[in-house]
Every structure is written in C-alpha cells, then in structure tokens.
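Chemist: quick one: sequence plus predicted model below, questions after.
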Amino acid sequence: MEIKDQVRQFIVANFYVADPGALADDTSLLDQGIVDSTGVLEVISFLEATFAITVADDEMLPDNLDTITRIAAFVARKKA
C-alpha cells in the first residue's frame with residue numbers, strides 16, 4: 001500500500017471528514033479544520049509508529065504535515 005493511501009486511511013478513520021470521497025490529496029487538513037493542533041500530534045505518532053521514522057520538533061511544520069501529499073512526501077524523504 002502506498003504511503004498516501006495509508007495516510008488517507010488514518011485521516012478518514014481518526015478525524016471527522018464529512019465526505020471522504022471528496023478529500024483531495026492537496027486539501028489543507030489544517031485550513032479545513034480536519035486536523036487541529038492536537039490532531040497533528042496524533043498524525044505524528046501514527047507516522048512514527050507506522051513508518052519507523054522520527055519527526056523532530058523543527059519538522060512539525062505545515063510544509064510537511066498540512067496535506068496528504070505533503071505528509072507522504074515528508075515520509076518518503078525521511079525513509080530515504
């Protein structure tokens with residue numbers, strides 16, 4: 001399963017997404033209110049446990065964690 005698919009499944013299963021089918025890979029999870037500041041920590045815990053990576057404090061940025069696309073790219077960079 002691709003990183004994007006795993007991230008999407010986690011987001012849909014753990015956060016309120018009104019229409020999961022309409023959740024685009026580039027939808028801002030923060031701007032749309034899908035993930036809040038506490039939710040970001042849940043996403044980070046999921047990423048660390050699922051992909052065996054460590055997310056440093058200075059990496060907890062919207063550039064890395066705001067969309068499914070950005071999260072998948074971030075994980076891919078960390079695993080490289």
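Modeler: Structure's in. What do you need?

Chemist: now the element after the helix of greatest length in the chain, going C-ward?
Modeler: Counting by DSSP state H, the longest helix found in the chain is helix 37-51. Counting by DSSP states H and E, the element after helix 37-51 in chain order, helix or strand, is helix 62-65.

Chemist: quick one: contacts of that next one?
Modeler: Residues outside helix 62-65 that contact it (Cβ atoms under 8 Å, 6 or more residues apart in numbering): S28, L29, L30, V40, V43, I44, V55, R70, I71, F74. C-beta coordinates here come from the backbone N, C-alpha and C atoms, glycine included.

Chemist: now a PyMOL select for only the buried ones of those.
Modeler: To isolate the buried members of the contacts of helix 62-65 in PyMOL, using 16 or more other Cβ atoms under 10 Å:
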select buried, resi 29+40+43+44+55+70+71+74
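
Chemist: farthest pair in the contacts of helix 62-65?
Modeler: S28 and V55 (18.9 Å; Cβ to Cβ).

Chemist: list the contacts of the residue most central in space within the chain.
Modeler: Geometric centre of the chain, nearest residue: I71, 4.7 Å, by Cα atoms, centre = their mean. Contact analysis of I71 by Cβ under 8 Å, 6+ apart lists I3, V7, V43, L47, N64, L65.

Chemist: I'm done for today, thanks for sticking with me.
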